[in-house]
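Colleague: the following comprises the amino acid sequence and a computationally predicted model.
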Number of protein chains: 2
Amino acid sequence: MKLSKLVGDRFKERPANCQIDSHALMVRGGYIKNVANGIYSQFPPMKRISQKIEAIIRDEMDKIDGQEVLFPVALPGSLWEESGRYESVGSELLRFTDRTGSKMVLGMTHEEASVQLVREYANSYAKYPFMIYQIQTKFRDEARPRAGLIRVREFTMKDAYSFHTSQEDLEQYYHKCYDAYCRIFARCGIPEVAVVKSDSGMMGGNISHEYMLLTPAGEDSIAICPECGYSANVEAAESIVENENKLPKEELKEVPTPHAGTIEELCDFLKIPAENTAKAVVYQRNEDDTFVVAFIRGDLDINEAKLTKVVGCDIHPADIVDDSVLTAGFIGPVGISDKVTVFFDSSLKGIDYLVTGANKVDTHYTGFNVERDCGDVEYYDLAKIAEGGICPQCGKKTITISRGIEVGNIFQLGTKYSKAMNFTYTDENGETQYPIMGCYGIGVGRMAASICEVRHDDFGPIWPITIAPWQVHICCLRSDDEECKAYADNLYETLQNKGIEVIYDDRKARPGAMFADADLLGVPVRVVVSPRNMGEGVVEISTRDKSIQQKTPTADAVTEVENIIAQLKEQIYSHVK
Amino acid sequence: MKLSKLVGDRFKERPANCQIDSHALMVRGGYIKNVANGIYSQFPPMKRISQKIEAIIRDEMDKIDGQEVLFPVALPGSLWEESGRYESVGSELLRFTDRTGSKMVLGMTHEEASVQLVREYANSYAKYPFMIYQIQTKFRDEARPRAGLIRVREFTMKDAYSFHTSQEDLEQYYHKCYDAYCRIFARCGIPEVAVVKSDSGMMGGNISHEYMLLTPAGEDSIAICPECGYSANVEAAESIVENENKLPKEELKEVPTPHAGTIEELCDFLKIPAENTAKAVVYQRNEDDTFVVAFIRGDLDINEAKLTKVVGCDIHPADIVDDSVLTAGFIGPVGISDKVTVFFDSSLKGIDYLVTGANKVDTHYTGFNVERDCGDVEYYDLAKIAEGGICPQCGKKTITISRGIEVGNIFQLGTKYSKAMNFTYTDENGETQYPIMGCYGIGVGRMAASICEVRHDDFGPIWPITIAPWQVHICCLRSDDEECKAYADNLYETLQNKGIEVIYDDRKARPGAMFADADLLGVPVRVVVSPRNMGEGVVEISTRDKSIQQKTPTADAVTEVENIIAQLKEQIYSHVK
């Protein structure tokens, strides 16, 4: 490809609306163009990167006996009604009607479609296990798309679905896929991806893992124990709290606390530490807006994912507009309205003395004791694990919280979809059974953007050789110099004939502009051809990460470029297990 | 791939709802599964065929300097408002709103998106010409999906857009693309595809061609002159009518024609031939339902595409519910309401005597003469060319009408989109100009289905080697026979190691069932391994089209299979120019 013909602009200025570097660089480098909020077109370099990532994914999926299929983007609403998700999923599921008025949705994930495809075929145990996958456009009507290709509304995703006749078989396959994912990330140049336990959210099922690329630009929080290697999404990490009684029992007593409607104000006013309080956090059920109140130690935070599981349906932070049921800012467990559901976090268990709301404006209780004042309540793990917290695996107070981008996920779905959609098979004994499912996703565009986020410098991406849009970038600094041009033209042809992908800057441009463009395109190997170099009988060969910067005799350039490509590939493959 | 693991059922019975063979075979062979009206999922064999077709298309697009990009499936309505198509396109454009209430559409073609992607980039003449293309999911909310993958609502399509600074340059590139398309069809095994002139309909622009695969199952009609090679879509073919005066002039005279509301009834009643009548065909403008009446000789039919062009906006056959404006069945040009627009077909020009409606119930005029009774009217070519009609190229009465499936199309768009979307560049003289565009489409799934339609027998598809899901199909007739199994296993491995794609029927099944499945999968080369053959030291090798059926010594099987594959490929490539 000649750079003079490459469609897409590259430019210097960081666009104003880009919060993270990869977003800015992918706009500046002519990779993507915004079409609508969270919707992008891809210029040729991005399309090339996507295709390489897709090829790696395809190869690894095929190696674990995956069979590639294709599901529709536009799905009948009736299929999602079968699984119950037409109702249960929020407005990120884009619902519409076709010309006949039939309900349709845009596929954001394809569990239903996968069941629909195989439910006649997979009617006997002998057909199991099997896995099908697709690489296809998805749409998720995100409320807040952000960070370029990291969180978009339309994206290309590989989604795979496996089907099994036993939990053991699912687990075995799940493990295979777990390893295949590690190989995929290593082959794409990010072997450091961490695997963390996750909450499976709306997907159903229990065991699931996320593949997290750690970077401050990430939007997920991951709890990691550097001591024992434990790692989990903060949403899924068990919170272990040591409950100590720092104050003796006292009588329950109403105290006036004017304008002290927050824990901070309350602690300021009463001069007590937050851990001596029981704070109320209020949510509402999505389905009917009824209130759910979670009580937790004042210095801890509620983990919404855990609370959702305990409540058993989707919830959202409450909007208390009417104080007839709840007295915002002064909510406590004693005598709380019977119109709300109450949950207690384990951090309150066995604590003799707490300060909490009195369900009356400008009033709190001191001396609150859960067992004495509320009777025999059940405690749940509802707290968010925090920096310095106790590691659920080794028990040390070593938890660190890091940010990460989720670049893949794997789920054990169990029989959620097969049961809901009445998908059965006949087992060896002639009995009807529900297949057990797993599902496995990787977003292609997000992966590319994440790689850019952790592999870039101030001037542009540093693409790993395995996914780079081209392998070699030739800069001919003087295309009006006959010798330069002839050499560069020839090098371009020769490398291409060897199957190497080359981008060739044949423009009449200043060297500075050429190098800036080369940096933005992030191609791993650069060859600079200039009259001065020609005079010395050499070309300059360097790698985008500057680990190699050398002059090579013109006659050896092709071999040297081949060697360097081989080296770079070896570096990548040394991390593939 | 082992057949015992291949996801998808194959079966004998022709499904009731399949009108054409390819549809029935692709359902019976486990290629596709219906998900909703005109929406299909693809099983692995279909996905493999699609990928091969896509690879051929990609290769040919790259060879004519195409750069692959990706546009979104879900597009903002505002982009289609810019071009005017948000309003002008009918309900096949699926419109919906996202969670914020913004207007969106599902991309059915991407002219707007292509302009949006490049309009900042291509701001100077130096950037031209260039072509970008994508292979992406499209959605067209067809009123009547039919024939399996031939006419669907969701489909994968290659759409390409080229940009030029002069009509000559567009024409040069158009010709290149014309040839690339011929190579694509030849490489996919259908070199017989005919190129016909077409009407460019809603795409805008003037010159366009369709690539038609002739088959009685096709839904398009193509006018072909076997004498001179002329061919055109009936919608676009010029109709040449010889106007002869068979009757002398007479006075205009009202005659009662009770219940003779159709040309047939009228001719029966008056005992005259249809060519002596001027018939009215009534349409309504889509935009405001106002009436358009076309008059044409009674034995000819109106070509709606031609009439649409003359009217200048989209129209539909009229629904006359109120006789205050038009007297259905008795409409004529004399004294017709001034609330309607009237057009005359050339077939009426210079005819002295005609019978036509009198705009009064149960009444016609005899002796109607356009010039005398309507004054100086303009005539247009509005008639549909018919079997035995006059060839617009050689003038002989040799036109035959064939059915065909449109497998590709190319359009010269001109400046329709660049003007509408205010997309300009600066030319050599510093003047602002509108780029001239071309666009070029091929439907991937429709191509596969069309190939199946013209390459099948009663038992299944006969896939060309270049797009077949696998190249070789091994049937091991007795997998419980150790020698058979060992040989077949080894052959499977050996062929695969040579890069040949093999489907291996390793099941314990009756030979009849195996052969039926092999026929349905339509793989070009079949190798049958059986105890009897083993006893003779041979395997049976045959091609799916039965042109080769031979016994080959077991030791030579691999080489022979390679030879046959090479032969089959050569056959295909002998048609590629």
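Modeller: Yep, that arrived. Numbering: from 1, shown residues only, chains lettered A, B, ... in the order given.
Colleague: the residue nearest to residue A:378 when sequence neighbours are not counted in helix, strand or coil?
Modeller: Spatial nearest neighbour of residue A:378, excluding adjacent residues (C-beta to C-beta, 6 or more residues apart in numbering or on different chains): residue A:344 at 7.1 Å. C-beta coordinates here come from the backbone N, C-alpha and C atoms, glycine included. Secondary structure state of residue A:344, per DSSP: H, G, I helix; E, B strand; the rest coil, is strand.
Colleague: is residue A:344 bridged to anything, and to what?
Modeller: residue A:295, residue A:379 (DSSP bridges).
Colleague: test for you: state the pLDDT assigned to residue A:200.
Modeller: Residue A:200 is assigned 52 on the pLDDT scale.
Colleague: with the one 10 residues further on instead?
Modeller: In this model, residue A:210 is scored at 91, pLDDT.
Colleague: quick one: the residue nearest to residue A:378 from chain B, how far?
Modeller: 35 Å (C-beta to the nearest C-beta, to the nearest Å).
Colleague: make sure residue A:162 is actually in contact with residue A:412.
Modeller: No. Residue A:162 is beyond contact range of residue A:412, at 9.6 Å (criterion: C-beta atoms under 8 Å).
Colleague: quickly list what's touching both of those two.
Modeller: A:170, A:174, A:438 (C-beta atoms under 8 Å, 6 or more residues apart in numbering or on different chains).
Colleague: residue A:174 is in contact with the last one, correct?
Modeller: Yes. Applying C-beta under 8 Å as the test, residue A:438 and residue A:174 come out as touching, 5.4 Å apart.
Colleague: quick check: neighbours shared by these two?
Modeller: A:162, A:410, A:412.
Colleague: quick revisit: and the residue nearest to residue A:378, what does it touch?
Modeller: Residue A:344 neighbours (C-beta under 8 Å, 6+ apart): A:294-296, A:333, A:370, A:374, A:377-380.
Colleague: same check, this time on residue A:496
Modeller: residue A:502.
Colleague: the same query, at a cut-off of 10 Å, please.
Modeller: Contact analysis of residue A:496 by C-beta atoms under 10 Å, 6 or more residues apart in numbering or on different chains lists A:1, A:472, A:502, A:504.
Colleague: and residue A:441, by the same measure?
Modeller: Contact partners of residue A:441, counting by C-beta under 10 Å, 6+ apart, are A:109-110, A:133, A:138, A:157-161, A:181, A:203, A:211, A:406-411.
Colleague: which SS state does it fall under?
Modeller: Under three-state DSSP, residue A:441 comes out as strand.
Colleague: if I look at it, how far off is chain B?
Modeller: Separation of residue A:441 from chain B (C-beta to the nearest C-beta): 18 Å.
Colleague: what do you get for residue A:450?
Modeller: The gap separating residue A:450 from chain B is 18 Å, by C-beta to the nearest C-beta.
Colleague: name all residues that make contact with that residue.
Modeller: A:22, A:147, A:149-150, A:185, A:188, A:190, A:193, A:212-213, A:215, A:217-218, A:404-407, A:443.
Colleague: neighbour count winner among residue A:438 and residue A:174?
Modeller: residue A:438 (25 against 21; other C-beta atoms under 10 Å in any protein chain shown).
Colleague: correct me if wrong, but the more buried one is in a strand.
Modeller: Yes. Residue A:438 sits within a strand when classified using three-state DSSP.
Colleague: tell me what it is bridged to.
Modeller: residue A:162, residue A:412.
Colleague: pLDDT wise, what is it at?
Modeller: Residue A:438 is given a pLDDT of 96.
Colleague: and it, what does it touch?
Modeller: A:129, A:131, A:160-164, A:169-171, A:173-174, A:177, A:205, A:207-208, A:410-414.
Colleague: tell me how far it lies from chain B.
Modeller: Counting by C-beta to the nearest C-beta - residue A:438 and chain B are separated by 15 Å.
Colleague: okay, domains of chain A per the record?
Modeller: The record's domain split for chain A, according to automatic domain parsing, is A:15-237+A:401-454, A:253-374, A:470-573.
Colleague: give me the nearest residue to the one residue in the stretch 351-500 of chain A that gets nearest to chain B, chain neighbours excluded.
Modeller: For the stretch 351-500 of chain A and chain B, the shortest gap (C-beta to the nearest C-beta) falls at residue A:445, measuring 9.2 Å. Distance criterion C-beta to C-beta, 6+ apart; nearest residue to residue A:445, sequence neighbours excluded, is residue A:149 at 4.1 Å.
Colleague: which among the contacts of residue A:344 count as buried?
Modeller: Buried members of the contacts of residue A:344, counted by 16 or more other C-beta atoms under 10 Å in any protein chain shown: A:294-296, A:333, A:370, A:374, A:377, A:379-380.
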